[in-house]
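[1] using only what follows, build the 3D model:
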Amino acid sequence: MAAKKKASSAKAAQKPPTKSEIIGTVADKTGLTRKDVSAVFDNLNALIKKNVGRRGPGEFTVPGLLKIRVVKKPATKARKGINPFTGEEMVFKAKPARKAVKLTALKGLKDML
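    Just a heads-up that it's a prediction; the model follows:
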């Protein structure tokens, strides 16, 4: 039993890399400086903001990885429903129209799994 606990805790101990770890790894693999890699990420952020922002086309593709789109969600009216946990009737509040970000994984990202 103790061996199973150690194995599961070893998997749980793996953490996602931090921003500085990602920048350091990319810098080591490409031969660029950390400052250059950081500038690339900053420019990528600015490019995404420009394309997904108010005046942009509302869509941006990171080649081979993912597609980012802005989706317009319509307003919903208040409605009656049943709480699935308690079974009692309740009123769901109305929601205003809004914009949401939708990410779609492309083939390259799906093949990595």
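[2] just the C-alpha atoms of the top helix by length along the chain, please, in CSV.
    Counting residues, the longest helix found in the chain (DSSP state H) is helix 34-52. The C-alpha coordinates for helix 34-52 follow below in CSV (Å, rounded to 0.1, in the frame of the first residue of the first chain):
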residue,chain,number,x,y,z
ARG,A,34,16.4,35.4,-22.0
LYS,A,35,15.8,39.0,-22.8
ASP,A,36,15.2,38.1,-26.5
VAL,A,37,12.8,35.2,-25.6
SER,A,38,10.9,37.5,-23.2
ALA,A,39,10.6,40.1,-26.0
VAL,A,40,9.2,37.4,-28.4
PHE,A,41,6.5,36.4,-25.8
ASP,A,42,5.7,40.1,-25.2
ASN,A,43,5.3,40.7,-28.9
LEU,A,44,3.1,37.6,-29.2
ASN,A,45,0.9,38.9,-26.4
ALA,A,46,0.6,42.2,-28.2
LEU,A,47,-0.3,40.5,-31.5
ILE,A,48,-3.0,38.4,-29.9
LYS,A,49,-4.4,41.5,-28.1
LYS,A,50,-4.5,43.4,-31.4
ASN,A,51,-6.3,40.6,-33.3
VAL,A,52,-8.7,39.5,-30.6
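[3] and this structure, what are its domains?
    Here the domain parsing of the chain from automatic domain parsing is 22-57, 68-113.
[4] pLDDT below threshold where in this protein?
    The chain contains residues with pLDDT under 70 at 1-13.
[5] that one: strands as residue ranges?
    59-62, 66-73, 79-82, 89-92, 98-105 (DSSP state E).
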